[in-house]
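Q: Provided below are the primary sequence and the corresponding predicted coordinates.
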Amino acid sequence: MRRSISAKRKRKGSLVMNKDVYGILGDLTAEILLEIIAECMDDYLYVIDLQNNKMEISQSALDRFMISETHVRNVKQEIMSVVYEEDRTMFAKHMQAVMDGKEKVHDIHYRWLDKNGLPVWVNCRGVVIDDEDGKPGYLVGCLNETGNQRRADNVTGLFRRNGILCLSAVTEETCDDRISYAY
């Protein structure tokens, strides 16, 4: 599979990983690699095997959303139960286009249900990796919560605590109830 991905990247002029990096990462299982990368970001990573209806998703997604396990065997059923009811038709149409090979990029905004059954706006982005026959094989990407506020204000450089800017804080840790706030 790596050869076909590398060949595609070369044709499109994208960067190709160094063979030394493949040597290091090649010995790691997909599960371990997924968790290593997931620990480095706030997003929820996933790999969907489109042909076998299986998915691997990061543990952090399991902790946040109504997903039963990180190794999902019936992706269509499991994900539909997590997608907010009003968004299911739109999501199903898009995923069918991915399965049919009509869409090679997955980038949609919709809602997932959190552990309490409340809708959470997410942006789900991914790339389809075709098999050797040119059929959609995998969808690899990440899911992030679009409702999350930034931890700092880009204009002022001030940290946020519960959506409020900390006026005197030097670091996020010093931003507490004793410091004045701006709304």
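A: Great, that's in hand. Residues are numbered from 1 along each chain as shown.
Q: And the strands in this protein, which stretches?
A: 44-49, 54-57, 71-72, 105-113, 119-130, 136-145, 160-161, 164-166, 181-182 (DSSP state E).
Q: want to throw those strands into TSV with distance to residue 96?
A: Just so you know, the C-beta spots here come from the backbone N, C-alpha and C atoms, and that holds for glycine as well. Below are those laid out as TSV (distance: least, C-beta to C-beta, whole Å):
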stretch	distance to residue 96
strand 44-49	14
strand 54-57	16
strand 71-72	18
strand 105-113	12
strand 119-130	13
strand 136-145	11
strand 160-161	39
strand 164-166	43
strand 181-182	47
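Q: buried sites along stretch 74-93?
A: Along stretch 74-93, the positions that meet the burial threshold by neighbour count (16 or more other C-beta atoms under 10 Å) are 75, 78-79, 82-84, 87, 91.
Q: State the pair within those residues that is farthest apart.
A: Spanning the widest gap among those are 75 and 84, at 17.2 Å by C-beta to C-beta.
Q: rank the strands of the chain by pLDDT, which is bottom?
A: The weakest mean pLDDT among the strands of the chain belongs to strand 181-182, with a mean of 42.
Q: Enumerate every residue touching residue 81.
A: By C-beta atoms under 8 Å, 6 or more residues apart in numbering, residue 81 lies in contact with residue 66.
Q: That one and residue 102, how far apart?
A: Applying C-beta to C-beta, to the nearest Å, one obtains 25 Å for the distance of residue 81 from residue 102.
Q: Quick one: the helices in this protein, in order.
A: Under the criterion DSSP state H, helices of the chain are mapped to 2-12, 19-26, 30-38, 59-64, 75-82, 88-99.
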